[in-house]
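Student: Any chance you could fold what I've pasted below:
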Amino acid sequence: MSVHPYLGIDHVVVRSAIAEPLYDLLHKRLGLPVIWPLQIAPFATYGWIGLGNTNLEIWAAVDNSDLPADCSLPLFHQIALAPRDLHETVARIETSGLTCKVPRAFVSKDARGDAQTNFTNSVVLDLSSDLCCVFICEWGDRAPIAPWTPGLTPQQRRAEQKTALSVVGGGKLGVIGLSGIELVTTDVQKATESWRQLSRSFAEPIEIAKGVHLTLTRGSSDFIQRLTLAVRDLDMARRVLAAEGLLEEGDSPDELMLSRHATDGLRIRLVEWLLPKSR
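Tutor: I've put the predicted structure just below:
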């Protein structure tokens, strides 16, 4: 059984001025699966792309006043953790010494007019800032807004979304899943302690979810600098990106970068997937 007090990373939120270019790049050009079809609502345009072990939510809000005035978009803004049970997960996290915000449910009516919980969130305050929010996100099993099969347990929904990536063979790049998050922080020691408290991981680097490692570097503010995706065959991914004109110049034999011109500055790194070491 995992030592983490949660199932894994439910989704990572990208805040963008315009959602369509990144959504189309990842789905139409690179063949990654759509988990949540692109929605155009009065408050935002948004959609989810599947990465197997998590999802990338692309969110272009009409109003970005919740972000610092000097903030530039796009940016990786939020890490949503999937609980087995919200209140149990929050209790376990707070037992470790971290503080969570009082859970808040977001409710809407279903097709019959009955009120149903879409999701309930609880922010992990010790790990959150204006530019990087870490929170627990529990989806209602009958969430009216959700596009997936009603009535699934969190484990079943995650398995269904992982299958979506397998069905397309990881897309053109052969993506296996999210394997790393690089976080810049003003206090590496404090952040390291807090992330270890959250994840119960004493590995180096910190394993914040199964197969997903966190790297911390010092900077002038706290923000997510880069995501790393593991691919089945790095040489094959290199050929695909080169053919598509999406290969960032200056790549190394051991890693690739998706063109930042194509991602509008977002840093998405590719590495070859390694078989887990036997214990």
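Student: Show me the shaky parts of this structure.
Tutor: Under the criterion pLDDT under 70, the flagged ranges of the chain are 1-2, 251, 275-279.
Student: Now do the strands for it: every range, in order, please.
Tutor: 8-15, 34-40, 44-50, 55-61, 75-82, 104-109, 115-123, 133-139, 175-185, 206-209, 212-218, 223-231, 256-257, 268-272 (DSSP state E).
Student: Which residues does the longest one contact?
Tutor: By that I understand strand 175-185. Under the contact criterion Cβ atoms under 8 Å, 6 or more residues apart in numbering, strand 175-185 has outside partners 9, 12, 32, 51-54, 79, 132, 162, 165, 170, 191, 205, 208, 211-219, 221-232, 267, 269, 271, 273. No exception for glycine: its C-beta is placed from N, CA and C like everyone else's.
Student: can the strands of the chain go into TSV with extra columns for mean neighbour count and distance to Ala91?
Tutor: As requested, these are exported to TSV (neighbours: other Cβ atoms under 10 Å; distance: least, Cβ to Cβ, whole Å):
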stretch	mean neighbour count	distance to Ala91
strand 8-15	22	19
strand 34-40	16	29
strand 44-50	22	28
strand 55-61	22	26
strand 75-82	23	14
strand 104-109	12	17
strand 115-123	17	11
strand 133-139	22	11
strand 175-185	22	25
strand 206-209	22	19
strand 212-218	17	23
strand 223-231	21	27
strand 256-257	22	40
strand 268-272	20	35
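Student: Indicate which one of these is closest to Trp148.
Tutor: strand 34-40 (7.5 Å; Cβ to Cβ).
Student: so what secondary structure elements neighbour the closest one?
Tutor: strand 44-50, strand 55-61 (3 or more Cβ pairs under 8 Å, 6 or more residues apart in numbering; DSSP states H and E).
Student: Could you export those as CSV, including distance to Asp141?
Tutor: Below are these laid out as CSV (distance: least, Cβ to Cβ, whole Å):
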stretch, distance to Asp141
strand 44-50, 18
strand 55-61, 18
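Student: Which of those sits closest to Val3?
Tutor: strand 55-61 (23.1 Å).
Student: Report the strands that pair with the closest one, each with its relative direction.
Tutor: Here strand 55-61 is paired, per DSSP bridges, with strand 8-15 (parallel), strand 44-50 (antiparallel).
Student: so which of these comes closest to Leu152?
Tutor: That would be strand 8-15 among the strands paired with strand 55-61, by Cβ to Cβ, at 13.2 Å.
Student: Tell me what angle that closest one forms with strand 175-185.
Tutor: Here strand 8-15 points in a direction 70 degrees away from that of strand 175-185 (axes from the mean of the first three to the mean of the last three Cα atoms, to 10 degrees).
Student: quick revisit: can you list the strands of the chain in TSV and add distance to Ser199?
Tutor: Below are the strands of the chain laid out as TSV (distance: least, Cβ to Cβ, whole Å):
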stretch	distance to Ser199
strand 8-15	11
strand 34-40	24
strand 44-50	23
strand 55-61	19
strand 75-82	10
strand 104-109	23
strand 115-123	16
strand 133-139	11
strand 175-185	12
strand 206-209	5
strand 212-218	8
strand 223-231	16
strand 256-257	26
strand 268-272	21
